[in-house]
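**Student:** The following block contains a protein sequence and its predicted model.
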There are 2 protein chains.
Amino acid sequence: MLNQTLKQEISQLEADFCSALSDPNRLLLLYALNDGPRNVTELTNELNLNQPTASRHLKVLREHGLVHTTRQGTTITYEISDRRLIQALDLLRSVMRDRLAYRAGLMEETVNS
Amino acid sequence: MLNQTLKQEISQLEADFCSALSDPNRLLLLYALNDGPRNVTELTNELNLNQPTASRHLKVLREHGLVHTTRQGTTITYEISDRRLIQALDLLRSVMRDRLAYRAGLMEETVNS
DNA sequence: TGCAAATATGCGTTTATACGAATATAGGCA
DNA sequence: TGCCTATATTCGTATAAACGCATATTTGCA
């Protein structure tokens, strides 16, 4: 059993982790990186971001340890740190999908009654 | 293959979903509800929140479909909607744990060198 | 040294979200 | 109706985070 203060600290950490995931551009970056390592320019082009935006979001991901980098000359390649992130995100998507399906069902019922 | 606009919309939805998870009090609420349904007063007491705070956070969880409610008289019981949420959160925790362990390892190396 | 390419940061503004304190609403019951 | 309990909302304020634009930093190379 954990005491309350510890629980709160862990939840704070986990919440910080989640807030790193709560931006659409960062999710797109993570999913892109799930297909393989990319450098900033490639990511910028693939996702149609402007360069400072991509760089700032990558910084957030990096600071939360969700991605890591290797430099080759002036180029910096980003890589996803842990595949379980995508597993977790996919789980969330399936929850989301079922919830949307449920709501769509409700809509139909409403329309048909 | 999904087109870019659709990808962006899905990522936006998923990001909204994640931002519902990016608050320590809401995570504590979810984990409490994982042990079984609770009403607002019980949650308020268990987590040492003040009542409006609990209510507001529960509203966020409800609006994102993470929990659902049943009313009995004046009492409203909250229940977690989908166990996979806890699965996903536990996955994130394990990623977090490994990352902290890795950083702790780096610290030791630094100290010992 | 000096330039070019890749990446990162600073600034100003806008938008979102959390909180406490106070207040409002809803349901049950006399 | 009027009161009590449970839950929700409003208000004012404070903090954080996103964006575009401009600029800085780093590295490789002539």
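**Tutor:** Nice, thanks for sending it over.
**Student:** so what secondary structure elements neighbour the helix or strand that contains residue A:9?
**Tutor:** Secondary-structure assignment from DSSP states H and E places residue A:9 in helix A:4-21. For helix A:4-21, the elements it packs on are helix A:24-34, helix B:4-21, helix B:24-34, helix B:84-112, judged by 3 or more Cβ pairs under 8 Å, 6 or more residues apart in numbering or on different chains; DSSP states H and E. (Each C-beta comes from the backbone N, C-alpha and C, glycine too.)
**Student:** buried set for it?
**Tutor:** A:7-8, A:10-11, A:13-15, A:17-21 (16 or more other Cβ atoms under 10 Å in any protein chain shown).
**Student:** got it, and stretch A:95-113?
**Tutor:** Applying a neighbour-count criterion of 16+ other Cβ under 10 Å, one finds A:95-96, A:99 buried in stretch A:95-113.
**Student:** what's the burial count for the residue of chain A found nearest DNA strand C?
**Tutor:** Across chain A, the shortest distance to DNA strand C (Cβ to the nearest atom of the strand) belongs to residue A:52, at 2.9 Å. Residues lying near residue A:52 (other Cβ atoms under 10 Å in any protein chain shown) number 9.
**Student:** try the one 3 residues further on
**Tutor:** Residues lying near residue A:55 (other Cβ under 10 Å) number 14.
**Student:** how about the residues of chain A near DNA strand D?
**Tutor:** A:19, A:22-23, A:25-26, A:50, A:52-53, A:56-57, A:60, A:71, A:73-74 (Cβ under 7 Å from any atom of the strand).
**Student:** cutoff 6 Å now
**Tutor:** A:19, A:23, A:25, A:50, A:52-53, A:60, A:73-74 (Cβ under 6 Å from any atom of the strand).
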